[in-house]
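# Fold the following and give me the result.
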Amino acid sequence: MSEEKFISDTQTVLKFIQTYCDCKHAQKKTKESLQIAYKNKNLLHVNFELCSTCKETFLYSVARLQECPHEEKPRCRNCPNPCYERSHWKELAKIMRFSGMKLGLIKLKNLLRF
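Here you go, the predicted model:
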């Protein structure tokens, strides 16, 4: 996977998990900062405010992205040899569904404003 794709996928996962955590775990969050490397190169510095469960999900997702063996990364749903454990995959799918709807509705709301 290219460095640009890694950065894009990491930021997307963080945005979805952050949206989910903001709505579901608002009181339990802590601010943190993290330097993320890919192929032994520091590529990305992210700031986030997540609860411990969502932080664990984010770190697991980043680790899976870092380990992805595919040159052209497929969607995880269509991957011939998935690297996510079933329980983590289900949790992330739930987060992506919730946040996708939430972000889609926010986008629509912003489009409808005059």
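
# Please make it C-alpha for all contacts and neighbour counts, starting now.
OK.

# Give me the local confidence score for residue 110.
Note for residue 110: predicted pLDDT of 64.

# which residues of this protein score low on pLDDT?
Residue ranges of the chain with pLDDT under 70: 74, 76, 106-114.

# Mind telling me which residue is nearest the centre of it?
Nearest to the geometric centre of the chain sits residue 13, at 1.4 Å (Cα atoms, centre = their mean).

# thought that one was touching residue 57?
No: between residue 13 and residue 57 there is no contact under Cα atoms under 8 Å: 9.7 Å.

# quick one, strands of this protein?
Remark: strands assigned in the chain by DSSP state E are 30-38, 41-50.

# Ok, which of those strands comes nearest residue 24?
When the strands of the chain are compared by Cα to Cα, strand 41-50 sits nearest residue 24, at 10.5 Å.

# hang on, isn't residue 58 packed against residue 17?
Yes: using Cα under 8 Å, residue 58 is in contact with residue 17, at 7.0 Å.

# quick revisit: contacts only, for the residue nearest to the centre of the chain.
58, 61 (Cα atoms under 8 Å, 6 or more residues apart in numbering).

# That one and residue 67, how far apart?
15 Å (Cα to Cα, to the nearest Å).

# Now tabulate the strands of the chain in TSV and tack on distance to residue 80.
TSV is the format used below for the strands of the chain (distance: least, Cα to Cα, whole Å):
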stretch	distance to residue 80
strand 30-38	22
strand 41-50	27
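
# Mind putting the ones you listed into a markdown table with distance to residue 99 and mean neighbour count?
Formatted as a markdown table, the strands of the chain follow (distance: least, Cα to Cα, whole Å; neighbours: other Cα atoms under 10 Å):
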| stretch | distance to residue 99 | mean neighbour count |
| --- | --- | --- |
| strand 30-38 | 20 | 13 |
| strand 41-50 | 14 | 14 |
